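1. turn this into a structure:
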Amino acid sequence: MAMITIEFNQSEQDFLAFVFVEVFGGGSTQSIQNILGDRVAAARELGQEVRLQSKSGLPSIDLSADEWRVMYEAINAVIYGLGPSELATCTGYDLDAACSINLRICGAVWGAYGGADWFGIGDVMPIE
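-> Model (predicted):
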């Protein structure tokens, strides 16, 4: 299984780890898990891995494409489950910062795989 490495500063890594606190223990947990749907079990396993990596002091997080997909979906679920104001209050990251992290995840995964078919639409076609 190929691993994809994405550099994040320590604050961003802490945010990634904290996403799973919201998924499994925040006041909006039920809403967030409803949004996350069938990825809840995968998120539970991934949360432990992300916490370990964020505490390692390394400048990056290494996950498989499937794990990055779960991370991406967990961030989206937290964004939608909390809403912009509560997102900033609970995580310390505003909507722009959280979306920027998710955009970086998308760019790294799609870049590594030349157009991952995450959304069932096939490879991204160039705009002419």
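2. what's the single longest helix in the chain?
-> When the chain is scanned for its longest helix (criterion: DSSP state H), the result is helix 65-91.
3. okay, how far is it across stretch 59-71, tip to tip?
-> Distance across stretch 59-71, first residue to last, is 17 Å (C-alpha to C-alpha, to the nearest Å).
4. now it: average pLDDT?
-> The predicted model gives stretch 59-71 an average pLDDT of 95.
5. and the following helix or strand past the longest helix of the chain, how far from the chain's centre?
-> Using DSSP states H and E, the helix or strand that directly follows helix 65-91 along the chain is helix 95-113. Going by C-alpha atoms, centre = their mean, to the nearest Å, the spacing between the C-alpha centre of helix 95-113 and its chain's C-alpha centre is 9 Å.
6. other SSEs contacting helix 95-113?
-> For helix 95-113, the helices and strands in contact under the criterion 3 or more C-beta pairs under 8 Å, 6 or more residues apart in numbering; DSSP states H and E are strand 3-7, helix 10-25, helix 65-91. No exception for glycine: its C-beta is placed from N, CA and C like everyone else's.
7. no further questions, thank you.
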